[in-house]
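Student: would you be able to build a 3D model of this:
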Amino acid sequence: MAGIGFELRKLLKKDSLSGVLQAYTFAGVIGSGPWILSILGILIIGFLSFAVVVPDLLIAQFQVSVTWLMAVSLIFTGVLQLGFTRYVSDRLFEKEDWRVVPNFNGVLLLTMVVTGSFGLAAAFTLFRQQSLLYSVLMMAGFVILSAIWMATVLLSGLKEYKTIVALFAVGYTVTVLAALGLRPMGMEGLLLGFVIGNFVLLMGMIAVIVRGYPSDKLIEFDFLRRGRMFPALLLTGLLYNLGIWIDKFLFWFSPDTSQAIIGPLRASVIYDLPIFIAYLSVIPGMAVFLVRIETDFVEYYDRFYNAVREGGTLEHIEKMRDEMVFVLRQGIFEILKIQSLAVLLFFAIGPEILRLFNISQLYLPLTYIDMLSAALQVALMSVLNVLFYFDKRREALFIAALFVLLNYLLTTFTLQIGAPWYGYGFAIAVTLTLLVSLVLLDRVMQRLEYETFMMQ
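Tutor: Okay, here's the model as predicted:
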């Protein structure tokens, strides 16, 4: 489902500086645009509400509530995202496009039933002390966000990347306007605006999906049939998303690094801001990832397997394999190089940026280490993506499990030994996981011809 490569190749074929700049800009917007738009929307709501919503604690309660909604919904839907992506890819390869929308409706119904049940249970247990409106809005937001993550899978398959960004822009514009209009209701008003905006976003995504995959059937659960979904992909999606968030959860629940915000939801003033700044820095790396992996690598990947299917000579097949390995190696190195430049740039101007936004300079050391971690995480994501191309599900599952285990153990250890080591647990975990993933990928590439011919 690597549709973005087609768009990027059109721009790169111009063979000019403007074409290259357009390609990287387009890749940066597509890779990070929806996330940046959503975060900016939440920040704008908080900033413009300080004068209206009193006390300021209500702003923090709103932003922390939304952060938890995003984290938990991503982990919940991580179980289905990769598996359903593979299911849709297989159906498209088999020319069964008519199955996509009915099964999307099926997976959407399943997602909404499961998340709705979980949200209802949480409302009656974890949020009993909060208002009924707050509990209902949290449950609705959880269900809607979970549905949005599943819908994004189908939009990616349609190559509707510009549409994704446009929909997120419209959705979060509505979110901001609705939240600002409902500010007099307090924190619940801001949360209601968030729910309204995301509902508009979800409806727009569903409309585009239905238009792109016409079908006579309304709903189907073919994706639940034996052999249609791969257990390894289901577990990989769950563990990888958990691995990304588990260090945040540990900081949120540690008494020394966090505080209660609303109900059972906690936040870490020490950790949250540096990690937020760090993830903003991955935009250049995401752009390089999309350009290098989804264009250069995919092009030689196609050439290699076309040579195999069409009876190419062994010399030609080996040449295609060598070129694919070279392009892949260059792509990963370029991601690390660009992200290193982004980190070095922040090292140079970071103190001034924090001073501009009236943020304490005490955040600098942790921000530096978090930026290095985020850069390595982009490289790790690239390696996982390549393993999925080669259908190495067990290797990908092992990497995801290793990531979550190391992040949990090392972050727990650094929390125990004190503040100077905060952030190093995540950094060491992602570094070790990346090194192991590179070793596994190298082994896959060395055995590629053998497994291609002998293991089918």
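Student: Leu440: neighbour count?
Tutor: Neighbours of Leu440 under the rule other C-beta atoms under 10 Å: 18. All C-beta atoms are positioned from the backbone trio N, CA, C, and that covers glycine.
Student: show me the shaky parts of this protein.
Tutor: Across the chain, the ranges flagged by pLDDT under 70 are 1-17, 19-20, 22-37, 46-55, 156-161, 357-358, 455-456.
Student: how does it look with 80?
Tutor: Residue ranges of the chain with pLDDT under 80: 1-57, 153-165, 277, 280-296, 298-299, 350, 353-362, 449-456.
Student: quick one, domains of it?
Tutor: Using automatic domain parsing, the domains assigned to the chain come out as 4-9+31-227, 275-450.
Student: tabulate these (CSV), appending distance to Leu239.
Tutor: Converted to CSV, these look like this (distance: least, C-beta to C-beta, whole Å):
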stretch, distance to Leu239
domain 4-9+31-227, 8
domain 275-450, 4
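Student: residue at max distance from the center of this protein?
Tutor: Thr313 (40.2 Å; C-alpha atoms, centre = their mean).
Student: and the gap between that one and Leu110?
Tutor: To Leu110, Thr313 is 48 Å away according to C-beta to C-beta, to the nearest Å.
Student: Val195 now?
Tutor: For Val195 relative to Leu110 (C-beta to C-beta), the value is 21 Å.
Student: repeat for Ser373
Tutor: Ser373 is 34 Å from Leu110, by C-beta to C-beta.
Student: ok, Leu242 - how many residues close by?
Tutor: 20.
Student: contact partners for it?
Tutor: Ile75, Gly78, Val404 (C-beta atoms under 8 Å, 6 or more residues apart in numbering).
Student: any idea where the helices of the stretch 1-150 of the chain begin and end?
Tutor: For the stretch 1-150 of the chain, the helices defined by DSSP state H, counting those that start in this stretch cover 4-12, 17-49, 57-93, 100-125, 132-157.
Student: quick one: buried residues of the third one?
Tutor: When you say that, I think you mean helix 57-93. 58-88, 91 (16 or more other C-beta atoms under 10 Å).
Student: how far off helix 100-125 does that helix point, in degrees?
Tutor: 150 degrees (axes from the mean of the first three to the mean of the last three C-alpha atoms, to 10 degrees).
Student: tell me what helix 57-93 is packed against?
Tutor: Counting by 3 or more C-beta pairs under 8 Å, 6 or more residues apart in numbering; DSSP states H and E, the packing neighbours recorded for helix 57-93 are helix 17-49, helix 100-125, helix 132-157, helix 187-212, helix 231-253, strand 259-262, strand 265-267.
Student: nearest to Gly181, of the ones you listed?
Tutor: Between Gly181 and the helices and strands packed on helix 57-93, the tightest spacing by C-beta to C-beta is seen for helix 187-212, at 7.0 Å.
Student: list the buried residues in that closest one.
Tutor: Using 16+ other C-beta under 10 Å as the test for burial, helix 187-212 gives 187-202, 204-206, 208-209, 212.
Student: circling back: just send the helices and strands packed on helix 57-93 back as CSV, with distance to Tyr301 too.
Tutor: CSV is the format used below for the helices and strands packed on helix 57-93 (distance: least, C-beta to C-beta, whole Å):
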stretch, distance to Tyr301
helix 17-49, 18
helix 100-125, 24
helix 132-157, 18
helix 187-212, 25
helix 231-253, 19
strand 259-262, 46
strand 265-267, 43
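Student: select, out of these, the one closest to Thr367.
Tutor: Among the helices and strands packed on helix 57-93, helix 231-253 sits nearest to Thr367 (C-beta to C-beta), with 14.3 Å.
Student: restricting to C-alpha, output that closest one in CSV.
Tutor: As requested, the backbone C-alpha atoms of helix 231-253 are provided in CSV (Å, rounded to 0.1, in the frame of the first residue of the first chain):
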residue,chain,number,x,y,z
PRO,A,231,-1.5,-13.1,14.6
ALA,A,232,2.1,-11.9,14.4
LEU,A,233,0.9,-8.6,12.8
LEU,A,234,-1.8,-8.1,15.4
LEU,A,235,0.7,-8.5,18.2
THR,A,236,3.4,-6.4,16.5
GLY,A,237,0.9,-3.5,16.1
LEU,A,238,0.0,-3.7,19.8
LEU,A,239,3.5,-4.0,21.1
TYR,A,240,5.0,-1.3,18.9
ASN,A,241,2.4,1.2,20.0
LEU,A,242,2.8,0.2,23.6
GLY,A,243,6.6,0.5,23.3
ILE,A,244,6.2,4.1,22.1
TRP,A,245,4.1,5.1,25.0
ILE,A,246,5.3,2.9,27.9
ASP,A,247,8.0,5.3,29.1
LYS,A,248,5.4,8.1,29.2
PHE,A,249,3.1,5.9,31.3
LEU,A,250,5.9,5.1,33.7
PHE,A,251,6.7,8.8,34.1
TRP,A,252,3.0,9.6,34.5
PHE,A,253,2.5,7.1,37.3
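Student: that one to helix 57-93, inter-axis angle?
Tutor: Using the same axes, to 10 degrees: helix 231-253 against helix 57-93 is 170 degrees.
Student: ok now helix 231-253, how far from the chain's centre?
Tutor: 12 Å (C-alpha atoms, centre = their mean, to the nearest Å).
Student: and stretch 150-170, by the same measure?
Tutor: 14 Å.
Student: export it to PDB, keeping only CA atoms.
Tutor: The C-alpha trace of stretch 150-170 is given here as PDB (Å, rounded to 0.1, in the frame of the first residue of the first chain):
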ATOM      1  CA  MET A 150      -8.600   2.600  11.400                       C
ATOM      2  CA  ALA A 151     -10.000   4.800   8.700                       C
ATOM      3  CA  THR A 152      -6.500   6.200   8.100                       C
ATOM      4  CA  VAL A 153      -5.400   2.700   7.000                       C
ATOM      5  CA  LEU A 154      -7.900   2.800   4.100                       C
ATOM      6  CA  LEU A 155      -7.100   6.400   3.100                       C
ATOM      7  CA  SER A 156      -3.400   5.300   2.800                       C
ATOM      8  CA  GLY A 157      -4.400   2.500   0.500                       C
ATOM      9  CA  LEU A 158      -6.300   5.000  -1.700                       C
ATOM     10  CA  LYS A 159      -3.100   7.100  -2.000                       C
ATOM     11  CA  GLU A 160      -5.300   9.900  -0.700                       C
ATOM     12  CA  TYR A 161      -2.500  11.600   1.100                       C
ATOM     13  CA  LYS A 162      -3.400  15.100   0.200                       C
ATOM     14  CA  THR A 163      -7.000  14.300   1.200                       C
ATOM     15  CA  ILE A 164      -5.800  13.000   4.600                       C
ATOM     16  CA  VAL A 165      -4.000  16.300   5.400                       C
ATOM     17  CA  ALA A 166      -6.900  18.400   4.100                       C
ATOM     18  CA  LEU A 167      -9.400  16.400   6.200                       C
ATOM     19  CA  PHE A 168      -7.300  16.800   9.300                       C
ATOM     20  CA  ALA A 169      -7.000  20.500   8.600                       C
ATOM     21  CA  VAL A 170     -10.800  20.800   8.300                       C
END
